[in-house]
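> build me a model:
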Amino acid sequence: MGRHPHKRVNIVRSSLVLLAVVLAMAFLTGCISREAPAEATPTATPRATPKPTATQRPTATAVMTTTPTASPTATPTPTPTAAPTIEATPEPTPEKRPLVLPNGESCKKNENCGSANCVNGICCDEGRRCCAHNADCELNEICDDLCHCCTERAVHSEKTLTKVEVCEIEGGDAQYCYQEVAIEELDGNLCDRIDDDEERDQCFLNIAKERSTGCPKPPLPPGVEACFIDVVQDKNAFVVCDNIISDDLRDKCFLLIFDNQPVAAICDRIVGKVRRNGCLTQLANYMKDAAVCDKVDDLDYRDRCLLDVAETMNYTDVTVCERFTAERERNICYGHVVNVTSIRGDSATCESITVDKYRELCLADVAPTMKSTDVCDQITSEDMRDRCLSGVAPVVEDVSICENIQSDEPPYNYRSNCFIEVAHATEDKSICVSLEDADERAVCEAFSTQDHTVCDNSTTELRADKCRWLTARRFNNTEICNIILDNDYRYKCLRDVFWWDQS
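Below you'll find the model as predicted:
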């Protein structure tokens, strides 16, 4: 080595250069370390320096810590301080704004639409009639898909379209259009253009309803017979209903016509049994013709039809009663005839009754109204004849009629009651002497004098209470009821007198 001093110098020089390079690199590394935290995000954590593996080359800082010779001017690398954590400020919740819908969208109220115009559940420009289809518009308008509003129809070739031509260009809304025009013009042919069965049937039904209201009910006044003929025979009446497919709706159609024009031909076209029988019953009442009830195919329903007709005719036609099938209803009918006839005093009606029992009952009840014992002479039954005479005697105030009465058996006691009623009618107490029974005589005297104290002459206290009850009921006097001792007779007395007060 002494022989080559310049080599030693070169080695030293090379070492110094290397040392300078290392220091320079260390200085640059320190600067980068100090600047790195400032660029990091406030919440970022400094990344740890990974340890070198065995295959990695040592960095310049590693050389410095292992090299025995250190530069006296080297400055230790300062430890970087952690940056302060900055809390994030929460963003303010945006204020909810009301939903604003564009034109053509569905809406419930004006506030939902940007145009503030909600019509037919659709948004459109303010001042316009909004629509979703042509049915929302008038007959001379269509629904414009661009503005979602009703606009006037275009005139083709400067020719005004007829209502039917308008329907032909309706597309999907044509069936509603045809129905409106058909009802307006009462033209059933337009109903045939409707594809839907239910809508078509409804179209015919509406035409029949409108068509049947144009004429007065029969019997028709002079000069309007043509109207009736049109309703009955025109295609827009019966034939309109005939075109309806549904049996139920077709029957309703005929009944609509019947309500305004009750004729037998309508009832004959009804298929449903209940509706047909009801139609015939109404027709029989309207026409006052019991023969119409014969067309009713249900026996019970036919008897009800006959009762309705008899009541409508005020039971003046006895032949109605003879048509009944059930005996109970027939007896009810005869009973009403007897009551009505007795009030009218019409013996001729009684004589037309074919059933002996009801004919004689009718004569017995009508004789007092006619004030004639001659009517009683037409009665063959002794019991019914005595009833007839006991009814006539007090009306004509003739006690001699009572002498001709044979029957005096309870519960009716026709002979005794005849004397009592004549004594009451004439207020003649002496008539009561003709009565052999002391209890009946006491009642007769009480009736003729209106003095209940004579009831004390009865044979027993119970008979006396019965006499007081009958007297109180005859003169409608509750004070007499209060002196009755027997509870049953007192209850009957108060009940009967109260009932007469209410009636």
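> quick one: terminal-to-terminal distance for stretch 283-299?
Terminal residues of stretch 283-299 are spaced 17 Å apart (Cα to Cα, to the nearest Å).
> buried ones in it?
Neighbour-count burial for stretch 283-299 flags 283, 284, 285, 286, 287, 290, 292, 293, 295, 296 (criterion: 16 or more other Cβ atoms under 10 Å). Every C-beta, even on glycine, is put in place using the N, C-alpha and C of the backbone.
> go on, stretch 455-463?
Residues of stretch 455-463 classed as buried by neighbour count (16+ other Cβ under 10 Å): 455, 458, 463.
> ok, now stretch 407-418?
For stretch 407-418, burial by neighbour count (16+ other Cβ under 10 Å) applies to 407, 408, 413, 414, 415, 416, 417, 418.
> state the mean pLDDT of that stretch.
For stretch 407-418, mean pLDDT rounds to 89.
> can you give the contact residues for it?
Residues outside stretch 407-418 that contact it (Cβ atoms under 8 Å, 6 or more residues apart in numbering): 382-383, 386-387, 389-390, 393-394, 399, 401-402, 405-406, 435, 437, 440.
> now with 10 Å, please.
For stretch 407-418, contacts defined as Cβ atoms under 10 Å, 6 or more residues apart in numbering pick out 382-394, 399, 401-406, 420, 431, 434-437, 440-441, 443-444.
> ok, now stretch 472-490?
420, 424, 443, 446-447, 450, 452-453, 455, 461-462, 464-471, 491-501.
> quick one: buried ones out of those?
If you count burial by 16+ other Cβ under 10 Å, the buried members of the contacts of stretch 472-490 come out as 420, 424, 443, 446-447, 452, 455, 464-471, 492-494, 496-497.
> the buried residues of stretch 455-463 in strands, which ones?
Among the buried residues of stretch 455-463, no member falls in strands (DSSP state E).
> mind checking which of these are in helices?
residue 463 (DSSP state H).
> reformat the buried residues of stretch 455-463 as a markdown table; add distance to residue 150 and pLDDT.
Shown next, in a markdown table, are the buried residues of stretch 455-463 (distance: Cβ to Cβ, whole Å; pLDDT from 0 to 100):
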| residue | distance to residue 150 | pLDDT |
| --- | --- | --- |
| 455 | 93 | 96 |
| 458 | 96 | 95 |
| 463 | 95 | 95 |
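> from the buried residues of stretch 455-463, which is closest to residue 136?
residue 455 (88.3 Å; Cβ to Cβ).
> and residue 151, what helix or strand is that in?
Secondary structure assignment for residue 151, by DSSP states H and E: strand 149-152.
> pull out the buried residues from that strand.
149, 150.
> give me the distance from that strand to the chain's centre.
Chain-centre distance of strand 149-152: 37 Å, with Cα atoms, centre = their mean, to the nearest Å.
> so what touches that strand?
For strand 149-152, the surrounding residues in contact (Cβ under 10 Å, 6+ apart) are 103-104, 117, 119-120, 122-125, 127-131, 134, 136-138, 140-144.
> got a ChimeraX select line for the buried ones in these?
Burial among the contacts of strand 149-152 is assessed by 16+ other Cβ under 10 Å; the matching ChimeraX selection reads:
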select :103,104,117,119,120,122,123,124,128,129,130,131,134,136,137,141,142,143
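> just the terminal-to-terminal distance for stretch 420-433.
End-to-end span of stretch 420-433 (Cα to Cα): 10 Å.
> hang on, the earlier thing: filter the buried residues of stretch 407-418 down to the ones in helices?
Judged by DSSP H, helices contain the following of these: 414, 415, 416, 417, 418.
> circling back: what average pLDDT does the strand holding residue 151 get?
In this model, strand 149-152 carries a mean pLDDT of 86.
> with only the CA atoms kept, save it in PDB.
Only the C-alpha atoms of strand 149-152 are listed here, as PDB (Å, rounded to 0.1, in the frame of the first residue of the first chain):
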ATOM      1  CA  CYS A 149    -108.100  17.200 -22.800                       C
ATOM      2  CA  CYS A 150    -111.400  17.300 -24.600                       C
ATOM      3  CA  THR A 151    -111.300  19.000 -28.000                       C
ATOM      4  CA  GLU A 152    -113.900  19.500 -30.700                       C
END
